[in-house]
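S.K.: Predicted model and sequence follow; I will ask about them next.
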Amino acid sequence: MGSHLFARIGIRRGSSAVLCAAALGAAAFWLAGPSDGKSPPRRGSSAAAAPIGDPFFRVLYGSAPAEANAARERDRYSYMVMHRADAAHVARLKAENPALKVFMYVDMMSADPNDPTGEADWTSWGDATAHPDWFLTGPAGERLVFKDYPSSRVMDVGNPDYQQAGVARVIADAHASGFDGIFLDDANASLRWVIAGGSSQCVKYPTDAAWQAAVYSFFQNVAPQLQSAGLLVVANIGGSTVTKGLWPKWNGPLDGAMEESYTNGGAGRDSVRNGLWPAKFGHNLWSETHGKLSLDHAVTHTRSGARYALATMLLAENGRSVLYASTNYTNEVWWPEYDLTKRLGSALGPYRVLRNGDYRRNFTHGVVLVNPHANATKAVHLGATYIGSGLGRVRTVKLRPTSGVVLLRS
């Protein structure tokens, strides 16, 4: 099950959010593995001791770039994602926040006649139609169509000519428009969310393993070239928990990746119910350890859902993890906990698991607690008086199922 969440000028764009199961012990796996690829800049000179800065990112589409208040938002975000069509707003936003890094959106596996110049695609529709072998086909030779977006065709990301075709244009567009990096959308771990018949309908890549190898070859070829041009490269990985080891492997050539359904399965449900929290939290830990950006998007419109995602991210945050919580990638609520986060100070060490099953991390000016379980946990004695997360002055906290709090010392 999935949903394409990006949209621009009536064209569908987005990587599929995924509902799939992962073992509750999966988090431990993600901590291991080598790191390679260029690392993005840290937000602090010494991540282990640096205060929490701006651990947030935002996706701006549709009317959002024009409506964004650059002065108000200058101290909110470390990263943004925008379409090339909105490049006029990049300079305005960066003038208010010189440290801001803005990624240019590119769909890596789609071509669409409604986007003839390839404004948001890896190649233009004209280039694609001149190379029939760039289109993935079904058993009858038919070009495969995105099941929810009938004008879009599925491209062969494993074709070396297709991979190379977009490199020079994407680099030129990013440089001309002042972007700092490239956001590769639709890095899906399976074709089941893209075409009606899934991988079995695709002649060239009839299995998830074959398709994943094609996507990885795209990253291996394209990412170093973009990085050599001075651009950061991140991908929106759909189905990150489908295959063991996928997150660290695909992150290898990249500067980082986005988890599109962080702390939920993409439909607003708590991820503990389908076994995803440990694995996705493990992605944070792996990315932090190996110098990769982790863009954590929580599909939620509630304060409690955003707080749960924020607290989870803060358990791992060490200069590489950033959060965004929204349901439609355009409208965002800036919850009170976000400003409170910037007052936490420095982490006093890694998280620890308490006897009641809660996760806790202490900061110089506050504390973060998360209950990722399906049941409420026993009260936690904080050891001092704290405020925040809708609570008054408290010395103990009892967390509801799949919830979190961010608290400042009173």
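M.R.: Structure received. Here the structure is a predicted model, which means the values were calculated and not measured. Numbering: from 1, shown residues only.
S.K.: Quick check: next helix or strand after the helix or strand bottoming out on mean pLDDT in the chain?
M.R.: When each helix and strand of the chain is scored by mean pLDDT, DSSP states H and E, helix 27-30 comes last, with a mean of 36. Note on helix 27-30: by DSSP states H and E, the next helix or strand toward the C-terminus is strand 57-60.
S.K.: Point out the other helices and strands that that next one packs with.
M.R.: Packing contacts for strand 57-60, counted by 3 or more CB pairs under 8 Å, 6 or more residues apart in numbering; DSSP states H and E, involve strand 79-82, strand 321-326. Just so you know, the C-beta spots here come from the backbone N, C-alpha and C atoms, and that holds for glycine as well.
S.K.: between those strands, which one is nearest to Ile52?
M.R.: strand 321-326 (10.5 Å; CB to CB).
S.K.: how close does the nearest residue to Gly404 once chain neighbours are set aside get to Ala379?
M.R.: Excluding its sequence neighbours, the residue lying closest to Gly404 (CB to CB, 6 or more residues apart in numbering) is Ala311, at 2.8 Å. For Ala311, the distance to Ala379 equals 17 Å [CB to CB, to the nearest Å].
S.K.: quick one, which of the two is more surrounded?
M.R.: Ala311 (27 against 14; other CB atoms under 10 Å).
S.K.: Ramachandran coordinates for the more buried one?
M.R.: Per-residue torsions, Ala311: phi -60, psi -40 (degrees, to the nearest 10).
S.K.: Can you name the residues that contact it?
M.R.: Neighbour list for Ala311: Val368, Leu369, Val370, Gly404, Val405, Val406 [criterion: CB atoms under 8 Å, 6 or more residues apart in numbering].
S.K.: Just the ones in strands from these, please.
M.R.: Under the assignment DSSP state E, those contribute Val368, Leu369, Val370, Gly404, Val405, Val406 to strands.
S.K.: What's the per-residue pLDDT of the residue of the chain most remote from its centre here?
M.R.: Going by CA atoms, centre = their mean, the residue of the chain most distant from its centre is Ala140, 35.8 Å out. Looking at Ala140, its pLDDT reads 94.
S.K.: Surely it is in a helix?
M.R.: No: counting by DSSP: H, G, I helix; E, B strand; the rest coil, Ala140 is not found in a helix; it is coil.
S.K.: Distance check, it against Asn251.
M.R.: 37 Å.
S.K.: what does Gly158 give?
M.R.: Going from Gly158 to Asn251 by CB to CB gives 19 Å.
S.K.: for Gly166, same thing?
M.R.: 21 Å.
S.K.: What about Asn328, how many residues nearby?
M.R.: As a burial measure, Asn328 scores 15 neighbours (other CB under 10 Å).
S.K.: Oh, that last question was meant for Gly126, not what I typed.
M.R.: By other CB under 10 Å, the residues close to Gly126 number 12.
S.K.: same check, this time on Pro150
M.R.: Using other CB under 10 Å, Pro150 has 9 other residues around it.
S.K.: so what's Asp112 up against?
M.R.: Here Asp112 is in contact with Ile11, Asp121, Trp125, Tyr149, Ser151, Ser152, Arg153 (CB under 8 Å, 6+ apart).
S.K.: Top of those residues by number of neighbours, please.
M.R.: Among the contacts of Asp112, Asp121 has the most neighbours (other CB under 10 Å), with 28 neighbours.
S.K.: Can you classify Val215 by secondary structure?
M.R.: Each residue gets one of three states, and Val215 gets helix by three-state DSSP.
S.K.: Would you mark the buried spots in stretch 160-178?
M.R.: Within stretch 160-178, the residues that count as buried by 16 or more other CB atoms under 10 Å are Tyr162, Gln163, Ala165, Gly166, Arg169, Val170, Ile171, Asp173, Ala174, Ser177.
S.K.: Please enumerate the helices of the chain.
M.R.: Assigned by DSSP state H, the helices in the chain fall at 27-30, 64-67, 70-73, 88-96, 125-129, 160-165, 167-177, 208-228, 246-251, 277-289, 303-316, 336-341.
S.K.: And this protein, split by domain according to the record?
M.R.: According to automatic domain parsing, the chain is divided into the following domains: 6-342, 345-410.
S.K.: deepest of these, which one?
M.R.: Greatest average neighbour count among the domains of the chain goes to domain 6-342 (a mean of 20), per mean count of other CB atoms under 10 Å.
S.K.: pLDDT weak spots in this structure?
M.R.: 1-49, 62-68, 70-71, 265-275, 330 (pLDDT under 70).
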